[in-house]
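Participant: the sequence and its predicted three-dimensional model are supplied below.
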Amino acid sequence: MTLRPAGRALVVALAAAIAASACASDPKRTGAPAATRAAPHSVIVFGSGVTVGDRLDDAIRDAWPRLVFDESFPLGSILVNAAMRHATFATALTDQLPLAASTRPDTALIWLGLNDVYAGETPATVAAGATALVTALERSGTRRVLIANLPTVDGGRSVAATNLALGRAAARDGAVTVDLSALHVTADDSGDVVPTKALHRRVADAFERALRG
């Protein structure tokens, strides 16, 4: 059976949620000091192929959303990874956002936009997509939204203007910007990042700093 895009996202999300629940019961799980932990959270992640964990040997363990979840959220929390390959802000709104209605997340982590740049979208269009996603999440009750800007693509397209537009949109919409602009990555022809474990670690570190801040 061939799943439609939304179906694939649902499978990814359910797998992540099951794995997160299992991890939450593991006394060896790492995370914030007990004194700083609050009630369990529902966390949703929006992104493209790198956020799915493409090309990693163990995406469940090593992809940046799982690293952030394990290290920054209380025991008993639930992770829903709604990311889909080749995603843009437009497709995230149609194919990923519906998962937020069923999971009612407390926190949303977003890393999108590079596929938009490679598809020829203007900085203003990318920022408008970010605003639409953040606004929809906040209206549904999500209390905290973190949105990453774009890394530098070695030998690829400039993202400076898009990052400026994303930063302005985040500040206006009440979201927290996660700064990835100092990272250097390689991207394929569609704009999907070619990942390494080291890159996932650095992306996770950036989100964790933003969460602490």
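Facilitator: Thanks, I have it. All values reported here derive from a predicted model rather than from experimental measurement.

Participant: so where's this protein shaky on pLDDT?
Facilitator: Applying pLDDT under 70 to the chain picks out residues 1-38.

Participant: those helices in it, which residues are they?
Facilitator: Counting by DSSP state H, the chain has helices at residues 5-24, 49-52, 59-62, 64-72, 89-91, 98-103, 114-118, 123-139, 160-173, 197-212.

Participant: any idea what the residue nearest the centre of the chain is bridged to?
Facilitator: Relative to the mean C-alpha position of the chain, the nearest C-alpha, by CA atoms, centre = their mean, is the one of Ile110, at 3.5 Å. Here Ile110 sits in beta bridges with Phe46, Ile147, going by DSSP bridges.

Participant: any idea how far His41 is from Val159?
Facilitator: Relative to His41, Val159 is positioned 30 Å away (CB to CB, to the nearest Å). Every C-beta, even on glycine, is put in place using the N, C-alpha and C of the backbone.

Participant: whoops, Asn81 was the one
Facilitator: 14 Å.

Participant: residues touching the nearest residue to Leu150 once chain neighbours are set aside, list them.
Facilitator: In this structure, Leu150 finds its nearest non-sequential neighbour in Val159, 4.1 Å apart by CB to CB, 6 or more residues apart in numbering. When contacts are counted by CB atoms under 8 Å, 6 or more residues apart in numbering, Val159 touches Gly113, Leu114, Val117, Asn149, Leu150, Pro151, Thr152, Val153, Ser181.

Participant: alright, I will stop here.
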